[in-house]
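Trainee: next one to model:
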Amino acid sequence: MASPAQPHSAAPPIDPGTISARLDRLPATRSIWKLVVLLSLGFFFELYDLLYTGYVAPGLVKSGLLTSTTQGLFGTTGVASFIAALFAGLFIGTIACGFLADRFGRRAIFTYSLLWYTIANVVMAFQETATGLNFWRFVAGVGIGVELVTIGTYISELVPKHIRGRAFACEQAVGFLSVPVVAFLSYLLVPHAPFGIDGWRWVVLIGAHGALFVWWIRRALPESPRWLAQQGRLDEADRVMCALEAKVEAESGRPLPPPAAAVPVLAQGRFADMWVPPYRSRTLMLVIFNVFQTVGFYGFANWVPTLLIKQGITVTTSLMYSTLIALAAPVGPLIGLFIADRLERKTVIVLMAAANIVCGLWFSQVANAVLLVSLGICLTLANNIMSYSFHAYQSELFPTSIRARAVGFVYSWSRFSAIFTAFLIAGVLREFGTVGVFVFIAGAMTMVMLAIGLMGPRTRGIALEEISH
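Mentor: Numbers count the residues shown, from 1 in each chain. Here you go, the predicted structure:
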């Protein structure tokens, strides 16, 4: 049997195109999936911190720190201001700091952004005023925003093209396991004050334990060989690829196939490159998409307990129902492990937006507990299948040289939208009730369907470098 180094010993001179071609021909062995799972664990802690907002909100109101409704459109003492502070931080983190992963590497920024928002959350857990609470939620949001961009970029570059969809489905499945975890912890802790400390503070501090795993995860992750090659660090990129190829070949038990012909890799790496064809239309499409998709996703996820309470359900029962609904969060991406690389991603996004409209309007019309929970589960499934699909999709549409900053820019508009969505939903809920909230969400999902359905290119099974041309 040939030695692991032999299949690529006679390879063409090393350049970014050959590095990508070598990576794309790898079979999906244990070593490849290990990298995906490690990044997914980072995403677990990130989503825990991102999505506990709705579940601790009743506790923040109960403790007197915040009010459930907002005085004036942009009041700073309501739950809406807490949600808006997070998304303001996410906006800054994605639009202003997305370039960091392009500049300093995927691995370093993955690590330090996780530590950043973990420390901010620990400080936030000890705040005693609405102002302090909102400020530290904003600081945490900056770190979470950088991490969101970095993980998506990292995964798209570390896996071969034939499993990109399933890799993102795995990332989201592991990440969304945090939703039932935080929902259940909130159900146990938020209505109470263990050892005299408000339950919501315990929920926040438990999530901060993610920092304990960060260095362990980091040690096992290589830098993206695509990024290294793009930076001209070709020897390092080759070393990463040789090590990965050796492991994959040993696990598969047979020599690796020769790489396909290298596709030229674009060398540009400036913000202005997003605004030339074919990236201009993709950038505009994803800005429109992200402005509206966040209305549906966070309009439900951040407001589930509050919407249920508005229907006349008690705080404790609302959190119990929310926990049952949250159990479905990782199921959507798990479904994606079977369908992600079989269906075109733009098609899945359009279909799930339509399901969101139907289930949301129906949810607003019922009071029966079983039907409420069932429709909540359907909404969660639709939102989370759409989530893994669009995270994969937007990471595919730009070249390696600008991937992180481009994804950061387009994704930042979902965070910008969410700042105002929080206040708008609070106002609509106050004036028009649950029905009004879901009519508002349905309008946003219609825009999602039009943007992706009419403007989105196909990407399934195509090399990243081919999509970039």
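
Trainee: would you agree residue 460 is in contact with residue 343?
Mentor: Yes - with contact defined as Cβ atoms under 8 Å, residue 460 reaches residue 343; the gap is 7.4 Å. (Each C-beta comes from the backbone N, C-alpha and C, glycine too.)

Trainee: look at the two and report which has more neighbours.
Mentor: Between residue 460 and residue 343, counted using other Cβ atoms under 10 Å, the more crowded position is residue 460 (20 against 14).

Trainee: residues contacting the more buried one?
Mentor: 165, 341, 343, 344, 345 (Cβ atoms under 8 Å, 6 or more residues apart in numbering).

Trainee: mind doing that once more with 6 Å?
Mentor: residue 344 (Cβ atoms under 6 Å, 6 or more residues apart in numbering).

Trainee: now do the SS call for it.
Mentor: coil (DSSP: H, G, I helix; E, B strand; the rest coil).

Trainee: backbone dihedrals for it, please?
Mentor: phi -60, psi 130 (degrees, to the nearest 10).

Trainee: same deal with residue 261?
Mentor: phi -60, psi 130.

Trainee: which secondary structure element of this protein has the lowest mean pLDDT?
Mentor: helix 304-310 (a mean of 69; mean pLDDT, DSSP states H and E).

Trainee: check which element follows that one along the chain.
Mentor: helix 315-326 (DSSP states H and E).

Trainee: for the following helix or strand past that next one, the averaged confidence score.
Mentor: Tracing the chain past helix 315-326, the next element assigned as helix or strand by DSSP H and E is helix 331-339. Averaged across helix 331-339, pLDDT comes to 88.

Trainee: please save the CA atoms from stretch 410-417 in PDB.
Mentor: Output of stretch 410-417 as PDB, limited to C-alpha atoms (Å, rounded to 0.1, in the frame of the first residue of the first chain):
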ATOM      1  CA  VAL A 410     -24.800  40.800   5.000                       C
ATOM      2  CA  TYR A 411     -25.600  39.000   8.300                       C
ATOM      3  CA  SER A 412     -25.200  42.200  10.300                       C
ATOM      4  CA  TRP A 413     -28.400  43.500   8.700                       C
ATOM      5  CA  SER A 414     -30.400  40.700  10.500                       C
ATOM      6  CA  ARG A 415     -29.000  42.100  13.700                       C
ATOM      7  CA  PHE A 416     -29.800  45.700  12.700                       C
ATOM      8  CA  SER A 417     -33.300  44.600  11.900                       C
END
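
Trainee: pull the residues that contact it.
Mentor: By Cβ under 6 Å, 6+ apart, stretch 410-417 touches 87, 90, 91, 94, 95, 286, 287, 290, 291, 294.

Trainee: among these, which two are most distant?
Mentor: Using Cβ to Cβ, the contacts of stretch 410-417 span at most 17.5 Å, a distance reached by 87 and 286.

Trainee: figure out the helix or strand that the most centrally placed residue in the chain lives in.
Mentor: The chain has residue 148 as the residue nearest its centroid, 5.5 Å off, counting by Cα atoms, centre = their mean. Using DSSP H and E, residue 148 maps to helix 130-158.

Trainee: no further questions, thank you.
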